[in-house]
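Asks: Structure of the sequence below:
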Amino acid sequence: MRSNCLLFACALCRRRQAKGREGYLVMRWSRWGAFPHLLYAERRRNGLLRVVSYRPTAPRPRRCPPPVFKGSSRWGDL
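Replies: Have a look, this model is predicted:
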């Protein structure tokens with residue numbers, strides 16, 4: 001799948017809200033460069049957050065990430 005963290009997090013948030021779930025869009029700095037990384041988080045019944053992100057399959061440090069890239073979702077990323 002080719003996407004980026006912004007498109008992935010927004011689409012996941014929209015799909016989960018359609019099912020009646022309450023979620024959050026979370027931003028942090030990327031570990032691969034000085035640019036933001038967007039994640040989706042959902043509160044579990046025990047109060048902890050379940051975090052999901054979209055990340056590249058072969059990440060490399062860059063000044064600016066490509067607009068879309070081949071990657072996969074990762075549950076539990078933070």
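
Asks: On the three-state scheme, the residue of the chain positioned farthest from its centre is what?
Replies: Largest separation from the mean C-alpha position in the chain: N46, at 21.8 Å (CA atoms, centre = their mean). For N46, the assignment made with DSSP: H, G, I helix; E, B strand; the rest coil gives coil.

Asks: gap between it and C5?
Replies: From N46 across to C5, the span is 26 Å (CB to CB, to the nearest Å). Backbone N, C-alpha and C define where each C-beta goes, glycine included.

Asks: who's in contact with C10?
Replies: By CB atoms under 8 Å, 6 or more residues apart in numbering, C10 lies in contact with 25, 38.

Asks: what's the helix or strand for Q17?
Replies: Taking DSSP states H and E as the definition, Q17 sits inside helix 5-18.

Asks: Residues contacting stretch 34-54, please?
Replies: 3-10, 12-13, 16, 21-31, 63-65, 71-78.

Asks: swap the cut-off to 7 Å and go again
Replies: Outside stretch 34-54, the residues that touch it by CB atoms under 7 Å, 6 or more residues apart in numbering are 3-6, 8-9, 12-13, 16, 21-30, 64-65, 71, 73-78.

Asks: what's the answer for stretch 19-26, then?
Replies: 9, 13, 16-17, 38-43, 51.

Asks: Between which two of these is the distance greatest?
Replies: The distance between the two most remote of those (CB to CB) is 17.8 Å, for L38 and R43.

Asks: Of the two, which one has the most company?
Replies: It is L38, of L38 and R43, that has more neighbours when counted by other CB atoms under 10 Å, with 19 against 13.

Asks: Verify the assumption that the more buried one is located in a strand.
Replies: Yes - looking at L38 with three-state DSSP, it is inside a strand.

Asks: where does the protein have low pLDDT?
Replies: 77-78 (pLDDT under 70).

Asks: before we move on, the earlier item: if any of the contacts of stretch 34-54 are buried, give me the PyMOL selection for them.
Replies: To isolate the buried ones among the contacts of stretch 34-54 in PyMOL, judged by 16 or more other CB atoms under 10 Å, type:
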select buried, resi 3+4+5+8+9+12+13+23+26+30+65+71
